[in-house]
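Novice: With the input below, show me the fold.
(2 chains)
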Amino acid sequence: MKKFFAAAFILSSIAGAAQNVLQNAQIHGDFQTDFQYYLPDSSIGADTVPEKLLSNGYLNLLFTSGNFSAGVRYENYNNVMQGFDPRYKGSGIPYRFASYSHKDFEITAGNYYEQFGSGLLLRSYEERSLGIDNSLDGIRIRYKPYKGIYLKGAIGQQRFFFDKGEGIVRGLDGEINLNEFNNKWAASKLKVTVGGSFVSKYQADRDPIYNLPQNVGGWAVRTTLIYGNWMLNGEYAHKVNDPSTVNKMIYKPGEALFTSLSYSKKGFGITLSAKRIDNMNFRSDRSATGNVLTMNYLPALTKPHSYTLLAFYPYASQPNGEMAFQGQLNYKIKKGTKLGGHYGTDVAVNYSRANAIDMQKINDSTALMQSGTLGYTSDFFAIGDELYFEDINIEISHKFSKKVKGIFTWAYLTYNSDIIEGHTDGTFYSHIGVADVTYKITPTKSLRMEVQHLMTKQDEKNWANAMIEFTLAPKWFFMAGDSYNYGNPADDKKLHYYTTGFGYTKNSSRIAITYGKQREGIVCVGGVCRNVPASYGFLVTITSNF
Amino acid sequence: MKSILVIIAFFAVIAMTAQNNTLPSVDLKKPDGTIVSSDSILNQGKPIIISFWATWCKPCVKELTTFAEVYEEWQEETGVKLYAISIDDSRTFPNVASFVNGRDWPFDVFCDPNFDFKRAMNVNLVPHTFIIDKDRNIVWQHTSFTEGGELELIELIRKLNNGEKISE
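Specialist: As a prediction, the model looks like this:
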């Protein structure tokens, strides 16, 4: 670590002498801190927190000068907030890099984030709200040898809290855009991009029972075809046998397909997507579980919802296997028509569904998923019987007048909690309706109100939610809201989860303070989720950027 | 600990001599998947607005819907150009083109599916909006959107066009 900085410092000093680096130097950064003061509340299951106050803090500093750039991130967890992995402990600099680019060549040493294609084989990224940071620490090279050709090479180890995972990750990726590559095709109506990647990991085998592969490789091919208003995207990935804790130590190879077809023109867009995942958990440490040391990204093929009750039952991708489909339609009803009104109406319809994959025993004497065997066989095109998740929703945004506008959403969700949460509560079916209406009092003062209702015969039964927000642009907001589990059959569980808060923004600095109760639940981004325990207290979030 | 001090000292030295921050050069994607450099965010010597957003972010969509309503007037009056940078990752990236066309937004949209540009611009939360002057300097930025926030933004663009200093 120290050596790294000494080297970076010397390098930059040399560069400085050569190019008078400081004259062109720029420095910028950002800062975020969240802290919560916890109060116990046994009715909602919020436990006593011995420290009373917990906080997460992040500071990024970036330095650039001409072709040279470097950066660091300081992180502080004293102690880490509830709902995050407690292995985030103390403070340190888990992210630092130096990078040099010259014309079409770029080299980065230290930590970096990289994604090949749609990420089925390799995606290192940071998603702070989930406590995910699987950055690679090593060397990455990007090179454009000729117009339309993009090459990348990466090697390194992944971040593991304030340490590194033991596995070594190596990867190569290439992409060619034929219309850029050949001038003759530049004006063609058909646009073609093809790409491919290879990724492998090395981890020593010290297993007393199994003979495990120490090198596990995977390859992927992808293409994008565009013709006029049509676009077809597809990526297929395959990896060799990779027994791991997540797949219960089976030796079956893995594969994944992610494809989408869309058509769009002014005022109309439709996208149909399909996905198959079969035994595609890919980590640089075969014993890792949870959100750590993940090498690839298997996005959920469902719409991410942001309203409280709509986000009650979010889907999480199933890396061991799923077949999923999604259709998304966006349509603008023109202004001046009966339905469009004076300002036009935006309509969005979305349908998504995720099922199990087909699974058959490998032979009569071997149970499904038996450790040390191939586990199962699966027909690529067959859809498994078990439904994991289904969501049909429609969202209508309409501006009624200069002063009033609204967004109205209805959804019907089917949520298999046994699969998604690993519980044994069965499947929940719910109808959810949301009305979100904004009233502009003056050009800079407005009042927004949300009313939400969730109806289900399962789980905790019906919920109602109401929220009111007053904003004073561009600096202030004030809000108060309540979620009420009025349908709960047990009287002592008909609980209110109220929150109230305000925020102040000055340019790029923002502080928000909320006080209230948060239900135990799941926070998800991109189909990756974390559990959040019930909590009660003050939450302060400060972000700044300079 | 020592290394932290070295870094702080290093950055402090630079900070003292540092200039205005300009737009970093990072590879982005068009909604059709084509790779495009942030160097192609251009507006022939006129101001540029860059707005980070995502299809799943309600305040972002509200902000851009508001901008879409007034964009034509803004362009006529000030010549400003808006680039909306989507941070939808590969989960929702395939929906961006139909989302944008379906809403008939009149501005350019680029995508940043693995957050390279977001990181280089030090964006924590979306929506996050920047004003870039004719020399590609980042002269103003704001995080979050509230109804009426567009009025401040266009006022700043007018000031910038009049040669007034708007950075703080």
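Novice: check contacts around residue 85.
Specialist: All of this refers to chain A. Applying CB atoms under 8 Å, 6 or more residues apart in numbering or on different chains, we find residue A:85 in contact with A:131, A:161, A:290-292. The C-beta positions use only the backbone N, C-alpha and C, and glycine is treated the same way.
Novice: The intended chain is chain B.
Specialist: Contact partners of residue B:85, counting by CB under 8 Å, 6+ apart, are B:28, B:50-53, B:109-112, B:117-118.
Novice: Could you point out which of those is nearest to residue A:415?
Specialist: residue B:53 (28.0 Å; CB to CB).
Novice: ok, and the closest non-adjacent residue to that closest one?
Specialist: The shortest distance from residue B:53 to any non-neighbouring residue, by CB to CB, 6 or more residues apart in numbering or on different chains, is to residue B:60 (3.5 Å).
Novice: Check which element follows whichever strand or helix holds the one you found along the chain.
Specialist: Assigned by DSSP states H and E, residue B:60 belongs to helix B:58-78. Later in the chain than helix B:58-78, the nearest helix or strand by DSSP H and E is strand B:81-86.
Novice: That following strand vs helix B:58-78, what angle?
Specialist: Inter-element angle recorded for strand B:81-86 and helix B:58-78: 160 degrees (by axes from the mean of the first three to the mean of the last three CA atoms, to 10 degrees).
Novice: neighbouring strands for strand B:81-86, and are they parallel or not?
Specialist: Pairing partners of strand B:81-86, with direction, according to DSSP bridges: strand B:48-53 (parallel), strand B:108-111 (parallel).
Novice: Could you single out the most deeply buried of those?
Specialist: Neighbour counts (mean count of other CB atoms under 10 Å in any protein chain shown) averaged over each of these peak at strand B:48-53, with a mean of 23.
Novice: Would you mind pulling the contact partners of that strand?
Specialist: Here strand B:48-53 has contacts from B:23, B:41-42, B:60-61, B:63-64, B:67, B:80-87, B:112, B:118, B:121, B:123, B:126-132, B:153, B:157, using CB under 8 Å, 6+ apart.
Novice: With adjacent residues omitted, what lies nearest to residue 91?
Specialist: As the question left the chain open, I've gone with chain A. Nearest residue to residue A:91 in three dimensions, chain neighbours excluded: residue A:76, at 4.1 Å (CB to CB, 6+ apart).
Novice: let's do chain B instead
Specialist: Using CB to CB, 6+ apart, the closest residue to residue B:91 is residue A:299 (3.3 Å).
Novice: pLDDT wise, what is residue B:13 at?
Specialist: As predicted, residue B:13 sits at a pLDDT of 58.
Novice: what's the answer for residue A:14, then?
Specialist: pLDDT for residue A:14: 56.
Novice: Which residues of the stretch 51-200 of chain A lie near chain B?
Specialist: A:60-65, A:72, A:74, A:93, A:96, A:101, A:113-115, A:118-119, A:123, A:125-126, A:150, A:175, A:177, A:191, A:193 (CB under 8 Å from any CB of the partner chain).
Novice: now stretch A:171-185: mean pLDDT?
Specialist: For stretch A:171-185, mean pLDDT rounds to 96.
Novice: start to end distance for it?
Specialist: One end of stretch A:171-185 to the other measures 30 Å (CA to CA, to the nearest Å).
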